[in-house]
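>>> next one to model:
(one chain, ligands or ions: 1)
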Amino acid sequence: MDSSALNGNLQSRIFLIGFMGSGKSTLGSHLARKIGFEHVDMDHLIEETAGMTIPGIFSEHGEAVFRKWERDILLELCRQEKVVVSTGGGAPCHNDLIDIMNRNGTTIYIELPPAVLKDRLLHSRTERPLIKGKSEQELLHYITGKLKEREPYYRRARFIVDGTSLRADELVKLLAD
Ligand code: S3P
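Numbering: from 1, shown residues only. Here you go, the predicted model:
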């Protein structure tokens, strides 16, 4: 599908939000390809800009600095056109970023239950400092608590979609309707 089928300013930036492991990066890259937008993975952009990995940023500078850089990058992205942004799982929940995203684009929350997120994260090869070294049980406990804390932010997205076997085609349809 051609991106001209997407109307209005709001749709020139699409923000995928959701918990770690919800599939934002893969879906974002497929969605961008389908609608002819650029795809930006916020975590990758932060790593590139900082010249350090996310775990390195957390261990050397701490989470507060990471959140500040995350905000700076997001503000930069709000000046870009025709972009699909795969955000980091915590981004919408810090520094008013959900409001900034809602003002500057279309937000989509990819929703998944804790048990599914746990299974996906257990099998993921991405190193994530917030869950590093947790046993399966600890991970489920962490996800359940953190999701409860984050959901009020995630639920402010313009669209909420079930992430179970979600395909980029369905997101294209949602945006075009
Ligand atoms: C985080 C999620 C990660 C990354 C960082 C913090 C979070 O991104 O931004 O490790 O606070 O949930 P993903 O959602 O892509 O794993």
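
>>> now do the most centrally placed residue in the chain against the ligand, distance only.
Closest residue to the average C-alpha location of the chain: Thr87 at 2.8 Å, with Cα atoms, centre = their mean. As for Thr87, its distance to the ligand is 7 Å (criterion: Cβ to the nearest ligand atom, to the nearest Å). To be clear about C-beta, it is placed using only N, CA and C from the backbone, and glycine gets the same treatment.

>>> per-residue pLDDT, that residue?
On pLDDT, Thr87 comes in at 98.

>>> surely it and Lys24 touch.
Yes. The pair Thr87 and Lys24 passes the contact test of Cβ atoms under 8 Å, sitting 6.6 Å apart.

>>> let me see the mean pLDDT of stretch 162-174.
The predicted model assigns stretch 162-174 a mean pLDDT of 96.

>>> list residues touching both of Thr87 and Lys24?
16-17 (Cβ atoms under 8 Å, 6 or more residues apart in numbering).

>>> before we move on, back to that, contact partners for the residue nearest to the centre of the chain?
Listed by Cβ under 8 Å, 6+ apart, the contact partners of Thr87 are 15-17, 24, 42, 74, 97, 101.

>>> and it, how far is that from Arg150?
Thr87 sits 12 Å away from Arg150, taking Cβ to Cβ, to the nearest Å as the criterion.

>>> burial measure for Leu175, as a count.
Residue crowding around Leu175 was assessed by other Cβ atoms under 10 Å; the count is 23.

>>> correction: Val65
Other residues lying near Val65 total 13 when counted by other Cβ under 10 Å.

>>> torsion angles phi and psi at the closest residue to it other than its chain neighbours?
The shortest distance from Val65 to any residue other than its chain neighbours is 6.9 Å, reached at Ile57 (Cβ to Cβ, 6 or more residues apart in numbering). Geometry field for Ile57 lists phi and psi as phi -60, psi -50, criterion degrees, to the nearest 10.

>>> how close does Ile57 get to the ligand?
Counting by Cβ to the nearest ligand atom, the separation of Ile57 from the ligand is 9 Å.

>>> contacting residues around that residue?
Counting by Cβ under 8 Å, 6+ apart, Ile57 makes contact with 46-47, 50, 65-66, 69.

>>> now these: which count as buried?
Buried members of the contacts of Ile57, scored by 16 or more other Cβ atoms under 10 Å, are 46-47, 50, 66, 69.

>>> brilliant, that's me finished.
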